[in-house]
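Undergrad: sequence-free structure coming up:
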């Protein structure tokens, strides 16, 4: 028997469960780890077969109502959910709804304006002094993060830098692991300050060098739920594809996060290019 | 617009490429599919609307991964919708907001040949279902039409969970093989072609 056989059997089981029942976050992380480690020629095969059964069982389709279709079209054009309460063509400034290719695509690092400049101005020069994060705990996510770093050729690891905000200063260390190719990444924090989810939550923003700095990609809302080692590993849930990650920034936002941040406060940033140069 | 029209035009690939017309064409070709699935799996129209937006966001993010050799656009979009809707159900169940999935796309599978305007996909999948063993077809139907999880199927039928998973796995593998066979013979616009 191949030494990988037990892991391959587990991978197959997770792929089957994903297709039939869905997976919880821990199982998803385990699946990502195994896929990164073992690979799979047709990892969506079960999903596609299950979907074909759905199609076979399809009842007569109801046409999408006009208002839903309008909102759906805006979602597809923007690549992000369009708000329900607004009118069909009522695009408000700052609502993060924009045509995909109608905005100019600034060259990478062409202008350190807006967010990046603001964040850079706040960041202390702290690279290098943070202790290494204890790699125990949050085992699945930790393993998935490490597998991504090991297996993705383009994966980068970038340390967090903190701003002068008092909350930011409490962080002992951490980093981002990210792969543009796999559209996957993880944030690691050591002793991140607790937050009250009913009052505010952390939110990640990812700046894409191929997009305007004014419109960073929402990387997901999260809470500081530390494990026994005091470490938090958070999977990045980018709501749009990030073609070329240029900067990661964490803000503190109202519960549930925001569509467009007022950028106050920015707590931690990680800039791949700055640390590779 | 039929699915076949969407296939011929490669809507998803054009959506991934940023074609300005593709968004409207996706709605025209597959809006009814996504809306109908969302309605059947959500508690309210408002929930269904939100689910549609999430599904289409996923479609937008995944469009670049679409390969016509692996599945039709209709099956690919159904896969994305299925994942999102199952995730929503699991989330709502954790919050205690809903009963377990009440029903799938319909109460019974189609018979081969009555797929109407949905084209190759439904007809071929229905035919493929007929080629499965009784056990394989039964567990798939219980999952699809009744929304039962594998564990719930095991409890409902008094069958060991491992056996249910074996039937499910073999059934899906068989369906996948038939999809691949269809791709090999090159049906234009067909399932998995």
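TA: Great, that's in hand. Keep in mind the model is a prediction, meaning the values are calculated, not measured.
Undergrad: My guess is residue A:43 contacts residue A:34. True?
TA: No - contact criterion C-beta atoms under 8 Å: residue A:43 and residue A:34 do not qualify, at 9.7 Å. All C-beta atoms are positioned from the backbone trio N, CA, C, and that covers glycine.
Undergrad: the more surrounded of these two?
TA: Per other C-beta atoms under 10 Å in any protein chain shown, whichever of residue A:43 and residue A:34 has more neighbours is residue A:34, with 24 against 17.
Undergrad: Toward the C-terminus, what is the element adjacent to the helix or strand of chain A with the lowest mean pLDDT?
TA: Least confident helix or strand of chain A, by mean pLDDT, DSSP states H and E, is helix A:114-122 with a mean of 48. Using DSSP states H and E, the helix or strand that follows helix A:114-122 in sequence is helix A:139-151.
Undergrad: name the helices or strands packed onto whichever helix or strand comes after that following helix?
TA: Where DSSP H and E defines the elements, the next helix or strand beyond helix A:139-151 is strand A:156-159. Using 3 or more C-beta pairs under 8 Å, 6 or more residues apart in numbering or on different chains; DSSP states H and E, the elements in contact with strand A:156-159 are strand A:173-179, helix A:272-276.
Undergrad: Now the most centrally placed residue in chain B: closest residue in space, sequence neighbours ignored.
TA: Centroid check for chain B by C-alpha atoms, centre = their mean gives residue B:78 as the closest residue, at 3.5 Å. Nearest residue to residue B:78 in three dimensions, chain neighbours excluded: residue A:51, at 4.0 Å (C-beta to C-beta, 6 or more residues apart in numbering or on different chains).
Undergrad: would a markdown table of the helices and strands packed on strand A:156-159 with mean neighbour count be doable?
TA: Below are those laid out as a markdown table (neighbours: other C-beta atoms under 10 Å in any protein chain shown):
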| stretch | mean neighbour count |
| --- | --- |
| strand A:173-179 | 24 |
| helix A:272-276 | 15 |
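Undergrad: among these, which is nearest chain B?
TA: Counting by C-beta to the nearest C-beta, chain B lies closest to strand A:173-179 out of the helices and strands packed on strand A:156-159; the figure is 15.0 Å.
Undergrad: can you list the domain ranges for chain B.
TA: Domain segmentation of chain B under automatic domain parsing yields B:1-102, B:104-193.
Undergrad: weakest of those in terms of mean pLDDT?
TA: Among these, domain B:104-193 has the lowest mean pLDDT, at a mean of 71.
Undergrad: re earlier: looking at the helices and strands packed on strand A:156-159, which is closest to residue B:63?
TA: Proximity to residue B:63, assessed across the helices and strands packed on strand A:156-159 by C-beta to C-beta, is greatest for strand A:173-179 (19.4 Å).
Undergrad: Whatever helix or strand comes next after that closest one packs against which elements?
TA: For strand A:173-179, the succeeding helix or strand toward the C-terminus, using DSSP H and E, is strand A:184-190. Applying 3+ C-beta pairs under 8 Å, 6+ apart, one finds that strand A:184-190 contacts helix A:139-151, strand A:173-179, strand A:231-235, strand A:245-253.
Undergrad: Turn the ones you listed into CSV, including distance to residue A:195 and mean pLDDT.
TA: Shown next, in CSV, are the helices and strands packed on strand A:184-190 (distance: least, C-beta to C-beta, whole Å; pLDDT from 0 to 100):
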stretch, distance to residue A:195, mean pLDDT
helix A:139-151, 19, 84
strand A:173-179, 15, 93
strand A:231-235, 11, 86
strand A:245-253, 7, 91
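Undergrad: now the farthest one out in chain B, which residue is it?
TA: Distance-from-mean max, chain B, by C-alpha atoms, centre = their mean: residue B:158 at 27.3 Å.
Undergrad: Quick check, residue A:248 in contact with residue A:203.
TA: No - in this structure, residue A:248 is not within contact of residue A:203 by C-beta under 8 Å, at 11.4 Å.
Undergrad: Now the common contact residues for those two.
TA: Shared contacts of residue A:248 and residue A:203 (C-beta atoms under 8 Å, 6 or more residues apart in numbering or on different chains): residue A:219.
Undergrad: For chain B, which segments count as helices?
TA: B:3-9, B:11-16, B:22-41, B:45-62, B:73-94, B:120-130, B:134-146, B:150-157, B:161-185 (DSSP state H).
Undergrad: Distance to residue A:242 for those helices - can I get that in a markdown table?
TA: What follows is these, written out as a markdown table (distance: least, C-beta to C-beta, whole Å):
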| stretch | distance to residue A:242 |
| --- | --- |
| helix B:3-9 | 28 |
| helix B:11-16 | 15 |
| helix B:22-41 | 21 |
| helix B:45-62 | 10 |
| helix B:73-94 | 19 |
| helix B:120-130 | 32 |
| helix B:134-146 | 34 |
| helix B:150-157 | 35 |
| helix B:161-185 | 31 |
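Undergrad: The ones you listed: which one's closest to residue A:265?
TA: Closest approach to residue A:265 among the helices of chain B (C-beta to C-beta): helix B:45-62, 27.9 Å.
Undergrad: quick one: the closest residue to residue A:178 other than its chain neighbours from residue A:191, how far?
TA: Distances taken as C-beta to C-beta, 6+ apart put residue A:185 closest to residue A:178, at 3.5 Å, once the chain neighbours are dropped. Residue A:185 is 21 Å from residue A:191, where distance means C-beta to C-beta, to the nearest Å.
Undergrad: out of these two, which sits in the busier spot?
TA: Applying other C-beta under 10 Å to residue A:185 and residue A:191 shows that residue A:185 carries more neighbours, namely 29 against 17.
Undergrad: doesn't residue A:158 make contact with the more buried one?
TA: No - judged on C-beta under 8 Å, residue A:185 makes no contact with residue A:158 at a distance of 9.8 Å.
Undergrad: can you list residues touching both of the two?
TA: By C-beta under 8 Å, 6+ apart, the residues touching both residue A:185 and residue A:158 are A:176, A:178.
Undergrad: just to revisit the earlier point, adding distance to residue B:170 as columns, could you present the helices and strands packed on strand A:156-159 in JSON lines?
TA: Formatted as JSON lines, those follow (distance: least, C-beta to C-beta, whole Å):
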{"stretch": "strand A:173-179", "distance to residue B:170": "34"}
{"stretch": "helix A:272-276", "distance to residue B:170": "45"}
